[in-house]
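K.L.:
got a predicted structure plus its sequence, pasted below:
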Amino acid sequence: MHQLLAEIRELKQKQDLMLQKQQDLEKQLDKQEFKIYPQSDIELSPTLSPTKPPQQRRSSQIYTNRIILTTYPGGVGINPIPLNWGADQPERGPVVASRHQNSLKVRNAIGAHGGAYSIYSALAVAIRQLQPDHKPNLQNTEPVIDIGPHPGWFNPDKIVSMDPWGHVVQHVFKKQLDEGLDIRPTIAITKAHMQLAEIEHMVSKGEIKIDGKIVLNDKGQMMVTKGAVEPVWHLPGMAKRFGVDETTLRRALFEDTGGMYPELITRQDLEVFLPPIGGLSIYIFGNPKYLSDPSKKLTVRVHDECNGSDVFGSDICTCRPYLIYGIAECVRQAQEGGVGLIVYFRKEGRALGEVTKYLVYNARKRAEGGDTAENYFLRTENIAGVKDMRFQATMPDVLHWLGIQKIDRMISMSNMKYDAIVGSGIPILDRVEIPADMLPPDSQVEIDAKIASGYFSAKAQQLPDLKDVKGRTWDDIVH
């Protein structure tokens with residue numbers, strides 16, 4: 001027994017010596033670090049030559065001579081700021097993802113702010129257009145309206161894909177900001193005017209009235225409150241939401257991003273991840289306070305991005321017409337004393353991406369026997385391996401963040417969205433499908449295939465044989 005204790009003490013002494021040696025080495029490396037930008041070269045270049053970059057633009061002038069590939073819990077100086085997901089502020093703690101010198105060892109989140117745009121930030125630093133230690137000046141950036149707190153903010157299982165406090169870090173975590181921590185908002189709320197040709201047309205026909213508050217004039221200009229949300233994932237909550245173990249989720253995220261985030265593996269103590277994906281936008285028509293007031297009627301459309309239709313008017317799908325119809329119904333609801341909400345997710349091509357979507361279009365139009373509703377989903381599965389990767393499980397998080405308790409009218413036919421919202425505890429009283437006269441010429445293949453797969457529709461029992469529902473060819477201008 002005494003011999004065993006002696007061996008333990010000896011091992012402990014060796015461990016302490018190794019730890020001291022590691023600390024000494026790190027101090028020596030710190031002394032050898034290069035300055036960020038030499039004084040003579042501190043101004044950012046207004047223009048850059050793409051063919052002949054300045055010779056002095058070397059990585060050693062931007063970064064230190066130490067490259068930290070990853071960190072480990074218990075490492076020297078590693079002391080992440082406590083972050084208690086679901087707790088009240090300030091006990092919840094801020095999300096700190098910065099790798100700046102004063103934040104690296106206390107950061108409590110994996111990834112980088114800005115989602116996919118973090119890559120452009122890296123490029124800006126590389127070409128000397130952005131200081132690598134830049135911190136945003138957050139003066140006067142606070143939300144234009146008050147949102148929350150709502151009950152869902154304090155339930156760690158209710159909101160797992162966004163930071164409920166992400167819009168008020170300027171106020172809630174002011175002390176930490178003043179101390180020099182790089183804490184950034186992940187939500188921004190502002191006001192705007194909107195103008196759409198279709199809404200102007202409805203106003204001119206008298207289908208939507210001018211009220212001077214929601215619809216301002218005969219051009220159909222609308223007053224809205226809008227917000228942008230960057231994703232912030234609580235990994236234990238995400239794993240639970242999707243019914244997988246957290247280790248598997250972390251490994252999949254690590255592997256299928258090309259190993260971009262090694263701390264997913266090495267830092268099991270860090271539970272928050274800022275993924276490099278698009279976020280979402282919200283557009284509120286009417287009084288935002290009514291969103292959380294169950295005595296007021298609420299119309300909602302949750303819309304997933306479709307650049308080809310939403311922006312450029314492609315008629316192979318129903319996306320833009322359904323979005324316009326949703327906006328019109330939100331306006332009408334607000335004019336009747338309620339409130340309307342559009343939630344717009346960046347999930348292009350069912351979250352498969354636009355390249356995959358266009359490959360599917362080619363496969364559909366070149367298929368033997370034509371572009372049929374019967375094989376609508378099969379063409380996608382052949383290319384992408386799945387027919388849909390939007391996975392609506394986390395979609396209701398933003399509704400709980402807004403304090404929504406029930407939805408009176410849901411402008412959607414999607415069974416996946418309906419099931420996710422109702423399953424999260426928000427009842428939907430009425431489901432509204434797109435009017436038949438708004439269906440684009442080449443979209444019947446899509447709409448009939450979706451109805452046959454379970455989408456809500458009054459004509460679900462009256463569908464024709466899906467083999468007979470065919471889209472036009474590229475050369476067929478008249479349907």
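P.N.:
Yep, that arrived. Numbering: from 1, shown residues only.
K.L.:
all contacts plus neighbour counts: C-alpha atoms, from now on.
P.N.:
Fine.
K.L.:
how about the helices of the stretch 301-450 of the chain, start to end?
P.N.:
Along the stretch 301-450 of the chain, the stretches classed as helices by DSSP state H, counting those that start in this stretch are 307-310, 319-335, 348-351, 354-365, 376-384, 397-401, 415-423, 444-453.
K.L.:
same thing with the stretch 151-300 of the chain?
P.N.:
In the stretch 151-300 of the chain, the helices defined using DSSP H, counting those that start in this stretch lie at 169-172, 174-178, 197-204, 235-242, 246-255, 263-266.
K.L.:
which neighbouring elements make contact with the third one?
P.N.:
Counting contacts by 3 or more C-alpha pairs under 8 Å, 6 or more residues apart in numbering; DSSP states H and E, helix 197-204 is packed against helix 319-335.
K.L.:
return the residues in contact with the residue lying closest to residue 363 once chain neighbours are set aside.
P.N.:
Nearest-residue entry for residue 363: residue 379, 6.5 Å, with adjacent residues in sequence omitted and distances by C-alpha to C-alpha, 6 or more residues apart in numbering. Residue 379 is in contact with 360, 363, 364, counting by C-alpha atoms under 8 Å, 6 or more residues apart in numbering.
K.L.:
out of the helices of the stretch 151-300 of the chain, which is closest to residue 113?
P.N.:
If you check each of the helices of the stretch 151-300 of the chain against residue 113 by C-alpha to C-alpha, helix 169-172 wins as the nearest, at 13.8 Å.
K.L.:
so where is the stretch 151-300 of the chain shaky, pLDDT-wise?
P.N.:
Scanning the stretch 151-300 of the chain for pLDDT under 70 picks out no residues.
K.L.:
need the contacts of residue 379 in TSV with distance to residue 406, can you?
P.N.:
Listed next are these as TSV, based on distance: C-alpha to C-alpha, whole Å:
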residue	distance to residue 406
360	37
363	41
364	39
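K.L.:
which element is residue 455 on?
P.N.:
Assessed by DSSP states H and E, residue 455 sits outside every helix and strand.
K.L.:
make sure it is actually in contact with residue 414.
P.N.:
Yes - at 5.1 Å, residue 455 and residue 414 qualify as touching, with contact defined as C-alpha atoms under 8 Å.
K.L.:
would residue 80 count as being in a strand?
P.N.:
No - counting by DSSP: H, G, I helix; E, B strand; the rest coil, residue 80 falls outside a strand, being coil.
K.L.:
can you give me the neighbour number for it?
P.N.:
Neighbourhood size, residue 80 [other C-alpha atoms under 10 Å]: 17.
K.L.:
contacting residues around it?
P.N.:
Residue 80 makes contacts with 105, 106, 107, 108, as judged by C-alpha under 8 Å, 6+ apart.
K.L.:
out of the residues you listed, who's nearest residue 349?
P.N.:
residue 108 (32.6 Å).
K.L.:
now that closest one: closest residue in space, sequence neighbours ignored.
P.N.:
Closest residue in space to residue 108, ignoring its immediate chain neighbours: residue 80 at 5.0 Å, by C-alpha to C-alpha, 6+ apart.
K.L.:
next one: residue 238
P.N.:
residue 160 (5.9 Å).
K.L.:
let me see the contact set for the one you found.
P.N.:
Counting by C-alpha under 8 Å, 6+ apart, residue 160 touches 232, 233, 234, 235, 237, 238, 394, 397.
K.L.:
what is the burial count for the spatially closest residue to the second one that is not a sequence neighbour?
P.N.:
In other words, residue 233. Counting by C-alpha to C-alpha, 6+ apart, residue 233 lies nearest to residue 161, which is 4.4 Å off, once chain neighbours are set aside. Residue 161 has 25 neighbouring residues, counting by other C-alpha under 10 Å.
K.L.:
list the residues that contact residue 161.
P.N.:
Applying C-alpha under 8 Å, 6+ apart, the residues near residue 161 are 231, 232, 233, 234, 238, 394, 397.
K.L.:
between those residues, which has the most around it?
P.N.:
Highest neighbour count within those: residue 232, with 25 neighbours (other C-alpha under 10 Å).
K.L.:
tally up the residues packed near the residue nearest to it when sequence neighbours are not counted, please.
P.N.:
Residue nearest to residue 232 in three dimensions, not counting chain neighbours: residue 162, with 4.4 Å by C-alpha to C-alpha, 6+ apart. For residue 162, the count of nearby residues is 22 (other C-alpha under 10 Å).
K.L.:
who's in contact with the closest residue in space to residue 245 that isn't next to it in sequence?
P.N.:
What sits nearest to residue 245 in space, not counting adjacent residues and going by C-alpha to C-alpha, 6+ apart, is residue 239, at 5.7 Å. Contacts for residue 239 (C-alpha under 8 Å, 6+ apart) come out as 245, 246, 249.
K.L.:
do residue 269 as well
P.N.:
So residue 269 contacts residue 73 (C-alpha under 8 Å, 6+ apart).
K.L.:
ok, it to residue 336 distance?
P.N.:
The spacing between residue 269 and residue 336, counted by C-alpha to C-alpha, to the nearest Å, is 50 Å.
K.L.:
what's the end-to-end length of stretch 351-370?
P.N.:
25 Å.
K.L.:
re the thing from before, any chance of JSON lines for the contacts of residue 160, columns distance to residue 293?
P.N.:
Output for the contacts of residue 160, formatted as JSON lines (distance: C-alpha to C-alpha, whole Å):
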{"residue": "232", "distance to residue 293": "27"}
{"residue": "233", "distance to residue 293": "28"}
{"residue": "234", "distance to residue 293": "28"}
{"residue": "235", "distance to residue 293": "31"}
{"residue": "237", "distance to residue 293": "27"}
{"residue": "238", "distance to residue 293": "28"}
{"residue": "394", "distance to residue 293": "23"}
{"residue": "397", "distance to residue 293": "18"}
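K.L.:
wait, which of those residues is closest to residue 212?
P.N.:
Using C-alpha to C-alpha, those come closest to residue 212 at residue 397, 32.5 Å.
K.L.:
low-confidence stretches in the stretch 301-450 of the chain?
P.N.:
In the stretch 301-450 of the chain (pLDDT under 70), no residue qualifies.
K.L.:
same check on the stretch 1-150 of the chain?
P.N.:
Ranges of the stretch 1-150 of the chain meeting pLDDT under 70: 1-60.
K.L.:
tell me where it has helices.
P.N.:
Assigned by DSSP H, counting those that start in this stretch, the stretch 1-150 of the chain shows helices spanning 2-31, 59-62, 118-126.
K.L.:
contacting residues for the residue nearest to residue 432 when sequence neighbours are not counted?
P.N.:
Taking C-alpha to C-alpha, 6+ apart as the measure, residue 432 lies nearest to residue 411, with 4.8 Å between them; neighbours along the chain are not counted. Contact criterion C-alpha under 8 Å, 6+ apart gives 299, 300, 301, 302, 326, 431, 432, 433, 434 as the residues in contact with residue 411.
K.L.:
can you pull the contacts of the residue nearest to residue 232?
P.N.:
With C-alpha under 8 Å, 6+ apart, residue 162 has these contacts: 229, 230, 231, 232, 233, 234, 397, 398.
K.L.:
please redo it, this time with the cut-off set to 7 Å
P.N.:
231, 232, 233 (C-alpha atoms under 7 Å, 6 or more residues apart in numbering).
K.L.:
which residue is nearest the middle of the chain?
P.N.:
In the chain, the residue lying closest to the centroid (C-alpha atoms, centre = their mean) is residue 279, at 2.0 Å.
K.L.:
not counting its neighbours along the chain, what's nearest that residue?
P.N.:
Leaving aside its sequence neighbours, residue 279 sits nearest to residue 230 (C-alpha to C-alpha, 6+ apart; 4.6 Å).
K.L.:
nice, that's everything, thank you.
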